[in-house]
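Student: Pasting the sequence and the predicted coordinates here, then a few questions.
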Amino acid sequence: MPNPLVPRIEHLVTSGSFDLDGGSWQVDNNVWLVGDDSEVLVIDAAHDADAIAAAVGARRLVAIVCTHAHNDHIDAAPALAERTGAPVLLHPDDLPLWKQTHPDRDPDQPLTDGQRLTVAGAELTVLHTPGHSPGAVCLYAPALGTLFSGDTLFCGGPGATGRSYSHFPTIIDSIRDRLLTLPPGTVVRTGHGDPTTIGAEAPHLDEWIARGH
């Protein structure tokens, strides 16, 4: 039987639209929960507050952490916060994007580079990784051997940089300097799609640069 007081990672997939620059695309988003049987933290409250609240259950929701402020990662955050009383955390550089989705409701607390979040005895360090968006962050949990990468790093390469508020050279710098320096066995749990590892992605950096996403 698993220990109810040992931190664990839970995974939920929700579906909805990603809307930016006048376009709209249907997407599946990964919602990550880190916690134990008594408390939990949600990473990216996407699309479906009811489904996320059901996954949280009777546990105390410590915080709703946004890896960035594209609408598909934050659209359910205010509703989930209202239901649970948990604060919404976002890097302030992404506030202009946040306001496109929630013009009348600000995030509750800022995320800062190097900040440490604790849940169920597990520590997650905030890494500011701009490029996909100005305020994009990843969360590194060394004790869990895991990086929650949002849309900064995927299985197969960096996040998209072809739309407003994004910049390809910046995301490459973020990945090279902040992520690929982590232990190779670190599991990368992404904002969309399948997980990967730092060791699987690191050899392809030069290919990504040559492609110039």
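Tutor: Received it, and whenever you're ready, just let me know what you need. Residues are numbered from 1 along each chain as shown.
Student: Can you name the residues bridging to Arg116?
Tutor: On the basis of DSSP bridges, Arg116 takes part in beta bridges with Thr125.
Student: Report the contact partners of it.
Tutor: Going by C-beta atoms under 8 Å, 6 or more residues apart in numbering, Arg116 touches Glu123, Leu124, Thr125, Val126. In short, each C-beta sits where N, CA and C put it, glycine included.
Student: and those residues, which are buried?
Tutor: Among the contacts of Arg116, the ones that count as buried by 16 or more other C-beta atoms under 10 Å are Leu124, Thr125, Val126.
Student: Show me which of those is closest to Arg189.
Tutor: Using C-beta to C-beta, Leu124 comes nearest to Arg189 of the buried ones among the contacts of Arg116, at 11.6 Å.
Student: ok, that closest one to Ala63 distance?
Tutor: Distance, Leu124 to Ala63, using C-beta to C-beta, to the nearest Å: 10 Å.
Student: With Thr125 instead?
Tutor: Between Thr125 and Ala63 the computed distance is 14 Å (C-beta to C-beta).
Student: which helices and strands sit right next to the lowest-mean-pLDDT helix or strand in the chain?
Tutor: For the chain, counting by mean pLDDT, DSSP states H and E, helix 205-211 ranks last in confidence among helices and strands (a mean of 95). With contacts taken as 3 or more C-beta pairs under 8 Å, 6 or more residues apart in numbering; DSSP states H and E, helix 205-211 sits against strand 157-158, helix 168-174.
Student: So which of these is the most surrounded?
Tutor: Of the helices and strands packed on helix 205-211, the one with the most neighbours on average (mean count of other C-beta atoms under 10 Å) is strand 157-158, at a mean of 22.
Student: what's in contact with it?
Tutor: Taking C-beta under 8 Å, 6+ apart as the rule, strand 157-158 contacts Gly131, His132, Thr152, Phe168, Ile171, Ile172, Ile175, Glu201, His204, Trp208, Arg211, His213.
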